[in-house]
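A.B. asks: Just the structure for this:
(one chain, ligands or ions: 2)
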Amino acid sequence: MEIITDAKMRELLKVYFILGSTNCTQDPLEVMHQAIEGGITLFQYREKGTGALLGEDKYKLAQAIQKLCQQHQIPFIVNDDVDLALSLNADGVHIGQEDESAAAVREKIGNKILGVSVHTREQAYEAIQQGADYLGLGPVFSTTTKEDAKAAAGTALIQTLRKEGLTIPLVGIGGITAENAPLVMAAGADGVSVITAISLADSVIHSTQKLCQAVYG
Ligand SMILES: Nc1nc(C(F)(F)F)ncc1COP(=O)(O)OP(=O)(O)O
Ligand SMILES: [Mg+2]
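C.D. replies: Ligands and ions are numbered 1, 2, ... in the order given. Purely as a prediction, here's the structure:
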């Protein structure tokens, strides 16, 4: 497959849902069904933190969610675990600053989608140089989902990178809801990435629809 274009990547980043078994109280597959119905554009499997599944259980859940995504043409990205991504033939991988280098991951995954989390402009330029297809910037607002998250940074870095003429697809992450998503888009992000706003919503489908409206304006 060919490397994804920036234009296609920007479309996919609009409402980027991230989920692992620890982020929801109901069945993850039921949450996925409703989130897909509600209009998510991209999905990341992030099985991490206290109580996360391991080994065969992790693989089985990933496989089941990937199948659902494939049935609805939603690309399936794996967080951190490059070997899991390769064994599932996932559509891509997302890595952070504590994971192996973007260049090393690019080497392993070929033309699959490669996303990198960055917190500074230096990390952004480095990630681009090493072949990232999109950058995750955050946490924009405070979050309790990621146990080792940094302090909320607002949208300053998104604005700075756009002011400097950076055109790489960007997605904001961290404490984003339908209420504050417009701020993230106005700052220059191509989309928003959420976990709790969807995974723990009273109505997953309704919350996803509200996020889509907030992003598409
Ligand atoms: N998982 C993520 N996905 C995104 C995305 F851009 F996809 F929205 N941005 C940022 C992160 C955070 O990635 P990382 O810093 O490695 O921490 P963790 O592995 O705990 O998620
Ligand atoms: Mg990571």
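
A.B. asks: how far does stretch 37-44 stretch from start to finish?
C.D. replies: One end of stretch 37-44 sits 16 Å from the other (C-alpha to C-alpha, to the nearest Å).

A.B. asks: Mind checking what secondary structure the closest residue to Gly174 other than its chain neighbours has?
C.D. replies: Of all residues not flanking Gly174 in the chain, Pro139 sits nearest, at 2.4 Å (C-beta to C-beta, 6 or more residues apart in numbering). From N, CA and C alone the C-beta is placed, and that goes for glycine too. Assigned with DSSP: H, G, I helix; E, B strand; the rest coil, Pro139 falls in the coil class.

A.B. asks: Next, work out how far apart Pro139 and ligand 1 are.
C.D. replies: For Pro139, the distance to ligand 1 (C-beta to the nearest ligand atom, to the nearest Å) stands at 8 Å.

A.B. asks: next one: Leu19
C.D. replies: Counting by C-beta to the nearest ligand atom, the gap from Leu19 to ligand 1 is 11 Å.

A.B. asks: Name whatever forms a beta bridge with that residue.
C.D. replies: Per DSSP bridges, the residues bridged to Leu19 are Tyr45.

A.B. asks: which residues does whichever residue of the chain sits closest to ligand 2 contact?
C.D. replies: Relative to ligand 2, the nearest point of the chain is Gly96 (3.5 Å; C-beta to the ion). Counting by C-beta atoms under 8 Å, 6 or more residues apart in numbering, Gly96 touches Asp80, Val116, Ser117, Gly136.

A.B. asks: mind running it again at 6 Å?
C.D. replies: Residues in contact with Gly96 (C-beta atoms under 6 Å, 6 or more residues apart in numbering) are Ser117.

A.B. asks: How confident was the prediction at it?
C.D. replies: The per-residue pLDDT reported for Gly96 equals 97.

A.B. asks: Check the one 5 residues further on too.
C.D. replies: On pLDDT, Ser101 comes in at 97.

A.B. asks: ditto for the one 10 residues further on
C.D. replies: According to the prediction, Asn111 has pLDDT 98.

A.B. asks: mind checking the backbone torsions on it?
C.D. replies: Per-residue torsions, Asn111: phi -90, psi 10 (degrees, to the nearest 10).

A.B. asks: so what's it up against?
C.D. replies: By C-beta under 6 Å, 6+ apart, the residues touching Asn111 are Met1, Ile3.

A.B. asks: Leu86 in helix, strand or coil?
C.D. replies: Following three-state DSSP, the label given to Leu86 is helix.

A.B. asks: Looking at this protein, which helix is longest?
C.D. replies: Identified as the longest helix of the chain according to DSSP state H is helix 55-71.

A.B. asks: Would you mind naming what in the protein lies close to ligand 1?
C.D. replies: Within the chain, the positions adjacent to ligand 1 are 16, 18, 44, 46, 48, 79-80, 94-96, 99, 115, 117, 136, 138, 146, 171, 173, 193 by C-beta under 6 Å from any ligand atom.

A.B. asks: Mind checking which of these are in helices?
C.D. replies: Among the residues of the chain next to ligand 1, no residue falls in helices (DSSP H).

A.B. asks: Return the subset of these lying in strands.
C.D. replies: Of the residues of the chain next to ligand 1, the ones assigned to strands by DSSP state E are Tyr16, Ile18, Gln44, Asn79, His94, Ile95, Gly115, Ser117, Gly136, Val171, Ile173, Ser193.
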